[in-house]
Structure formats: C-alpha cells, structure tokens
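Asker: I'll drop the sequence and a predicted model, then ask my questions.
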Amino acid sequence: GVANGCLVLVGDRLVQASNVLPFLILGWTDQKWVVGLLNAVTAVGFTIPQVFMARALENRPRKMPFYWLGSGLRIVFMGAITAMLLWGPTDRPVLLLVAFFALYGLFMASAAISTLPFNDILAKSIPANRRGSYMMWRRSGSCILILLISSPIARHLLSAKSGYSFPRNFGMLFAIALVFMASAWFVFSLCREPVRPVQRRRITVAQHLRRGPRLWRRDAAFRGLLQVTALTTLSSMTLSFYAPFAKDALGASASVAGLFLFFDAGAALIGNIVWASLGDRRGNRIVLIGSGATGVAGAVLMLLACALPVTPVRVPGLGALPVPMLLVFATVVAGSFFAQAKMVGEQNYLLEIAPERRRPSYLGFNSAMQLPLALVPVLAGAVVDRFSYAPLFVLSALGGGLAVARALALREPRDVSGDQTAEAM
C-alpha cells in the first residue's frame, strides 16, 4: 500500500489538475471557465460510477477484481491522452481540447471504479487509529520522490530548453506519469485482501438509490461531514486559479508549474505528518477544522497578491520575481496543507462513521451527494471572466470560514460510544 501510494502520487503530480493542467488548458483557450470545467469533469467522472459501484460491491466479499478492472481502464485512457498530445493535430486546438476533456472524463470514471474497492480494502486491512500513520508514510514517501523526480521533470519539460513544443511537452509528462501510475496499480493488485462478512441481501437499483437520502436524514454525522465537504470545496476554488493568476497577472510561463510542484510537495511532506499525527491522536474532526482554516489562509494570501504592486525582488536561486509571485508560492504551500487536511480528514472521518457492512454505500453516496459541487469551479471561472480574481478569492475565504464553524459542531466518533450510526438502513 505504501509503495502504491508513493508511485501513484509521483505520477499524479506530473499531471496535477491544480498545478500543471491549467497551463495545458490555457495553451488552447484563454477562457477561465474552461479551466474550471476541468475540475467539473473530474468531479462528475469520478462521482457517477461510484453510486452504482457501491451497490455492486456491497454483497461481494472480495473487491480486488473491481480494482483490477478500474486500473486497467485507467491505463487505456491515460495512454490515449498521451498519444493524442504527442501525435494529435496541433493546428486544431478546439478538437484537441474537446478530445482531452472526453478522455480525461473517462479516465476519472475509471478511477472511480478502482477507488471504492481500494478504500474498502484499506478499511478492512488497517485499524482506525493507524490509518493516519499509514497515510503519513504513504504520502511522505511520495513527497520526497516528487521533490526529486516530478518537480525537476515538469520544470524541464515545460521550459523552452526541453526542445518539445506545445502540447508535445505535456504529452511527455503524461507518458512518464503513466509509467509511474501503472507500476503503482500493479503493486497494489498484489496485496492480499482480507475477507469480512458482507450484506447478503442484494437490493434493487431503486432501493439502492433511495438509501442515499435516507442516510442523509438519519445519520447526523454523515450529514455534517457532507456539509463540511461542500464548504471546503467552495474554499478550494483558490487552488484552481492561482496558476491562471500567475500566468495572466504576473506573466509566468508554464515551467513555473515545476516550482509549484516543488513547494506543494515540500509543504505536503510536513502537512502530512502534522495531520496524520493529529488524526491518530485526537481524531479526524480536528483535521477537518484545520482544512477550513488553511483554506482561509490561502484565499487571504491570494487577495494580498491581487493588491500588491508587481515590484521585482531578487530571490536566491530563482532570480528576479515580482512580489505577488512570492505570495502565490506561499498560497501553494497553504493549499498543500489544505489539500492534505481535506483528504485525510474527510476520508478517515467517513471510514470511522460508516458501519462496516454499509461502507460501500456510504463511500458511494458520499461522492454522489457532492455531484452538484462540480459546478463550483465552472462558476468560479465565470466569475473571473466577468469580474476579476479578487471576488473569487473573497468567496473562497468565506467558504473556509464557514467550514471551520461547521466542523467545530461535528462530533468526534471515537469519543461517542453510545451514538451509533444507523446500521439497519
């Protein structure tokens, strides 16, 4: 599991949606809502299959075959994206843009097929009070490799020195990412899956779909977690648009994505240890509070970047940089802390409150009920196109503040023994 995490995250960062792919999209169009559409396609592609996968998995004692299926499809669709970028017609940007979104959506749908089995196998294999440590080792190892491998590769391939023109340079990134990710999926497929009791009765699709609203009504912890997730998603708009801001307002080239990856991985290395340790010792509620707080910090830093003059200062090793760019780098750091807390807190809190036999349904409907949030990045891009970046960052700060307030009202599952979730649902 740890080796899988290290390899898959090294590949993932080479084609990261927040740090790298905005420069690919902006190479084809200058419309910011299209950058937001990337995140919407990610959310929709990743969400819808999980609703039906939850029903398919719930009464099956072994989930690993579904992981194999999803991983195989991911290799196929990522390979198709790679081929398109390397050999597609560069004089037809609209065609490439549409094809990219279609293939990327299918890639994310394949990820959804393998993610539910992965999370269920993880929950069966690792006790609740050790999951934070597991995620810490998994992500800490990957952060070191990202600093040593992903960041230098991205910075070189996206610079003029690489010799690759657009979008061939991004095609090379996808090709290298594919090698790491395929290796990661192969490694995890070799793990031995524990077999646990499962729900024997197979319900109909209609019964399954009615279960989601029932979980919302009857399980207060599940409902509260979804509310926190919605608010932190609003706060996460900052992460989707600091790269376009750096390109538009500060004239940054695509090679700055390598620096973004460097600061992101360095901060993740520290943040991962902090959040995992807090989650193991004090529970995941405090991690959810931290995700909202760091979301506010990132938005405030970007508001300062919008307000400061573009005055160059010399930075050792980087040369002359405008002062707002330093704040963008600080936002990358805050955003990394935010992303780590959001991922660790939400995933582990959900695994703790979900009854074991209903876990696939909780995981599937947790994603499904976030589907309307897929519109948030598109609307955020429209706000930037219509107004500017500053109003967007104000909304992000507001979302983070409200997330903190709602997370403070959540219960900590480990502290409440009598309040059980609705096992009979």
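Answerer: On my side now, so go ahead.
Asker: Show me where the stretch 201-350 of the chain has its strands.
Answerer: For the stretch 201-350 of the chain, the strands defined by DSSP state E, counting those that start in this stretch cover 312-315, 319-322.
Asker: In a markdown table: those strands, plus distance to residue 190.
Answerer: Using the backbone N, CA and C atoms, a C-beta is placed for each residue, glycine as well. Shown next, in a markdown table, are these (distance: least, Cβ to Cβ, whole Å):
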| stretch | distance to residue 190 |
| --- | --- |
| strand 312-315 | 45 |
| strand 319-322 | 45 |
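Asker: Tell me which of those sits most buried.
Answerer: Ranked by mean neighbour count under mean count of other Cβ atoms under 10 Å, the strands of the stretch 201-350 of the chain are led by strand 319-322, which reaches a mean of 14.
Asker: Direction included, what does that strand pair up with?
Answerer: strand 312-315 (antiparallel) (DSSP bridges).
Asker: Run the chain-centre distance for the strand it pairs with.
Answerer: Relative to the centre of its chain, strand 312-315 is centred 32 Å away, using Cα atoms, centre = their mean, to the nearest Å.
Asker: outside of that strand, which residues touch it?
Answerer: Here strand 312-315 makes contact (Cβ atoms under 8 Å, 6 or more residues apart in numbering) with 320, 321, 322, 323, 326.
Asker: Nearest residue to residue 296 in space, ignoring adjacent ones along the chain?
Answerer: Of all residues not flanking residue 296 in the chain, residue 400 sits nearest, at 3.7 Å (Cβ to Cβ, 6 or more residues apart in numbering).
Asker: do residue 257 as well
Answerer: Nearest residue to residue 257, sequence neighbours excluded (Cβ to Cβ, 6+ apart): residue 20, at 4.7 Å.
Asker: which residues of the stretch 51-200 of the chain fall in helices?
Answerer: With helices called from DSSP state H, counting those that start in this stretch, the stretch 51-200 of the chain shows them at 64-87, 93-125, 131-145, 151-157, 168-189.
Asker: Throw those into a markdown table and include mean neighbour count and distance to residue 330, thanks.
Answerer: Shown next, in a markdown table, are these (neighbours: other Cβ atoms under 10 Å; distance: least, Cβ to Cβ, whole Å):
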| stretch | mean neighbour count | distance to residue 330 |
| --- | --- | --- |
| helix 64-87 | 18 | 31 |
| helix 93-125 | 19 | 29 |
| helix 131-145 | 21 | 18 |
| helix 151-157 | 21 | 17 |
| helix 168-189 | 20 | 25 |
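Asker: Which of the ones you listed sits closest to residue 39?
Answerer: Nearest to residue 39 among the helices of the stretch 51-200 of the chain is helix 93-125 (10.5 Å), distances taken as Cβ to Cβ.
Asker: Report the angle between that closest one and helix 168-189.
Answerer: For helix 93-125 against helix 168-189, the angle by axes from the mean of the first three to the mean of the last three Cα atoms, to 10 degrees is 20 degrees.
Asker: now for helix 93-125, which elements pack on it?
Answerer: helix 21-28, helix 32-58, helix 64-87, helix 323-353, helix 359-368 (3 or more Cβ pairs under 8 Å, 6 or more residues apart in numbering; DSSP states H and E).
Asker: Remind me what the shortest one packs against, helices and strands.
Answerer: In terms of contact count using 3+ Cβ pairs under 8 Å, 6+ apart, helix 21-28 is assigned the packing partners helix 32-58, helix 93-125, helix 237-250.
Asker: next one: the third one
Answerer: Contacting helix 64-87 under the criterion 3+ Cβ pairs under 8 Å, 6+ apart are the following elements: helix 32-58, helix 93-125, helix 168-189.
Asker: what does that helix contact?
Answerer: For helix 64-87, the external contacting residues (Cβ under 8 Å, 6+ apart) are 53, 56-57, 96, 99-100, 103-104, 106-107, 109-118, 121, 167-168, 170-172, 174-175, 177-178, 181-182, 185-186, 188-189, 191, 193.
Asker: That helix vs helix 93-125, what angle?
Answerer: Angle, helix 64-87 to helix 93-125, by the same axes, to 10 degrees: 160 degrees.
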